[in-house]
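would you be able to build a 3D model of this:
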Amino acid sequence: MAEFKQPVFHREGYTLILAALVLCGLGSWLVHRFLCGPAWVNGLAYGVLGLILILVLQFFRNPSRLTVADPQRIIAPADGKVVIFE
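So this is what the prediction gives:
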């Protein structure tokens with residue numbers, strides 16, 4: 001029996017991840033091409049763009065979870081704590 005391999009990122013996030021990659025790539029090119037300041041300013045701009053990309057990737061990540069099949073438990077599809085169940 002083949003084991004199911006889940007994707008690294010949620011399917012719904014691929015469009016936004018691609019947009020973030022394109023915008024950060026374009027931003028990096030613009031910094032390289034037009035920002036003629038000290039090296040630390042360029043480094044700061046690259047760092048901010050990299051941080052934005054990392055935050056977008058972190059938001060849409062799909063970590064693997066180990067769950068125990070127990071009919072007495074409710075498994076929530078998100079991280080955190082279930083505060084109401086109707």
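
spatially central residue in the chain, please.
residue 57 (1.7 Å; CA atoms, centre = their mean).

for that one, which non-adjacent residue is closest in space?
Leaving aside its sequence neighbours, residue 57 sits nearest to residue 17 (CB to CB, 6 or more residues apart in numbering; 6.5 Å). Heads up, the C-betas are built off the backbone N, CA and C, glycines and all.

now the strand or helix carrying the residue nearest to the centre of the chain: mean pLDDT?
Using DSSP states H and E, residue 57 sits within helix 39-59. On average, the pLDDT along helix 39-59 is 94.

how about that helix: buried residues?
Residues 45, 46, 49, 53, 56, 57 are the ones in helix 39-59 that count as buried (16 or more other CB atoms under 10 Å).

just the residues you listed now: which is nearest residue 6?
Distances from residue 6 to the buried residues of helix 39-59, taken as CB to CB, are shortest for residue 57 (16.0 Å).

ok, the closest one touching residue 14?
No. Look at residue 57 against residue 14 with CB atoms under 8 Å: they stay out of range, at 11.3 Å.

who are the packing partners of the helix holding residue 57?
Identification of packing neighbours for helix 39-59 by 3 or more CB pairs under 8 Å, 6 or more residues apart in numbering; DSSP states H and E yields helix 14-34.

okay, now the residue lying closest to residue 53 once chain neighbours are set aside: neighbour count?
Spatial nearest neighbour of residue 53, excluding adjacent residues (CB to CB, 6+ apart): residue 24 at 4.7 Å. Residues near residue 24, counting by other CB atoms under 10 Å, number 19.

so residue 24 touches residue 55, yeah?
No. In this structure, residue 24 is not within contact of residue 55 by CB under 8 Å, at 10.8 Å.
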